[in-house]
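Engineer: Model the structure of this input:
(chains A, B, C and D)
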Number of protein chains: 2
Amino acid sequence: MSLRHALLTALLEKPASGLELAKRFDRSIAYFWNATHQQIYRELSRMEAEGLIESTPEENARGVKKIHRVLPEGRKELKRWVGEGGDPAPLRDPMMVRLRAEGVVGPAGLADSLRAQRKQHLAKRALYREFEAKDFSKSPADRAAALRYVVLKAGLKYEDYWIEMLDEALAVLDEFDH
Amino acid sequence: MSLRHALLTALLEKPASGLELAKRFDRSIAYFWNATHQQIYRELSRMEAEGLIESTPEENARGVKKIHRVLPEGRKELKRWVGEGGDPAPLRDPMMVRLRAEGVVGPAGLADSLRAQRKQHLAKRALYREFEAKDFSKSPADRAAALRYVVLKAGLKYEDYWIEMLDEALAVLDEFDH
DNA sequence: AAGGTTTTTGCAACTGGTTGCAATTAATCG
DNA sequence: CGATTAATTGCAACCAGTTGCAAAAACCTT
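Structural biologist: Predicted structure coming up:
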């Protein structure tokens, strides 16, 4: 149940409405977590019911915007969870299944799809590089920033990893299917 | 829905019972997919109901062992799916959430957990290296083997990636919390 | 032969994530 | 001012994955 904790983290950095959170997820937490707005709303409601966060309605906004803030109980819960530990996240990647399947059923047009994904990973890497240039052009001074940078670098290297792997897969397909 | 296709791939390589599949998942497909036996049984039943696979009861076995085989419809479905394409798998890793959260709530004992995970990734990498030495000591001749090797290398590099990241995170924590 | 252990399969309940749609309210446009 | 659009929240139904438990059949022990 890490969506909860991702939300608490984001809200501690800055109180926000559900939709703002959804957007922030897209722009800054998305290199290691993602969530739809429904998920976010549901989790916010639950956390409010459990007393981890509070919400106040915002005036001068369309719809019925609510700003959410973390309560002491919420911060406590987040701290507890950080120390809790756990196993590495189980891996589940359809592309790797596809590669293996293509080996078994013979050429089935995987190369196009590999190239399409490659393009997406390139785009993400470029975006992260912009973040890096903007936020970390000089090495971070405080602990929190240093940790944020570690996470960004993890995102960057993750994209590198995929681009490398896709290139390798494409080279193999190319070699055998000329 | 890739569990289905992972199972079809595994069954095309060799017909098997549900439990055998669960074990094979642990030993050889686990570097990019994983599944519990419940999941596997449920999916096998569904696929049988849909006519993608058939099963024959095996004599001389404990319990009511059933061997599953892929039918032509199943192979067709797998081939269709391989060519189908799709976006990269959405990323969801609690450890990255933890790192960021630790930045926000201050030291909360994350380092131990980082070291524990590091150990697990080292173990996995060592295992994959054994697979590599055993199955790919000379470069693979046929297409299917070459693709299997690509997938294994992806697993290996994935472990490398994590070890590197965890080391970096530990270095940061070490620097700021001496 | 009785009783336990292992292998194999499975049900049921739950949690988390996804998709499609709708309701409310404010801002904007003609 | 009325109609349209955008922002914000949410319901409901569904799908996939997880956990805990148990049943059946063979095998193993004493």
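Engineer: What parts of chain A come near DNA strand D?
Structural biologist: A:17-20, A:37-38, A:41-42, A:44-45, A:61-66, A:90, A:92 (CB under 7 Å from any atom of the strand). All C-beta spots, glycine's among them, are computed from the backbone N, C-alpha and C.
Engineer: rerun that using 10 Å as the cut-off
Structural biologist: A:16-23, A:36-42, A:44-45, A:48, A:55, A:57-58, A:61-68, A:87, A:89-90, A:92, A:94 (CB under 10 Å from any atom of the strand).
Engineer: could you flag which of those residues are buried?
Structural biologist: Buried subset of the residues of chain A next to DNA strand D (neighbour count, 16 or more other CB atoms under 10 Å in any protein chain shown): A:16-18, A:20-22, A:40, A:44, A:48, A:55, A:65-68, A:89, A:92, A:94.
Engineer: Kindly provide the distance from A:V82 to B:A154.
Structural biologist: Noted for A:V82: a distance of 30 Å to B:A154, by CB to CB, to the nearest Å.
Engineer: name the helices or strands packed onto the least confident helix or strand in chain A by mean pLDDT?
Structural biologist: One helix or strand of chain A scores below all others by mean pLDDT, DSSP states H and E: helix A:18-24, with a mean of 88. Applying 3 or more CB pairs under 8 Å, 6 or more residues apart in numbering or on different chains; DSSP states H and E, we find helix A:18-24 packed against helix A:3-13, helix A:37-49, strand A:66-70.
Engineer: ok, residues contacting the shortest one?
Structural biologist: Judged by CB atoms under 8 Å, 6 or more residues apart in numbering or on different chains, the contacts made with strand A:66-70 from elsewhere in the structure are A:8, A:11-12, A:15-18, A:21, A:44, A:48, A:52-58, A:78.
Engineer: Recalculate using a threshold of 6 Å.
Structural biologist: A:8, A:11-12, A:15, A:17, A:44, A:53-58 (CB atoms under 6 Å, 6 or more residues apart in numbering or on different chains).
Engineer: now do stretch A:148-166
Structural biologist: A:31, A:114, A:118, A:121, A:124-125, A:128, A:136, A:140, B:96, B:99-100, B:103, B:154, B:161, B:165, B:168-169, B:172.
Engineer: Just the buried ones out of the residues you listed, please.
Structural biologist: A:31, A:114, A:118, A:121, A:124-125, A:128, B:96, B:99-100, B:103, B:154, B:161, B:165, B:169, B:172.
Engineer: Pick the one among the residues you listed closest to DNA strand D.
Structural biologist: Of all the buried ones among the contacts of stretch A:148-166, B:M96 has the smallest distance to DNA strand D: 17.8 Å, by CB to the nearest atom of the strand.
Engineer: All set, thanks.
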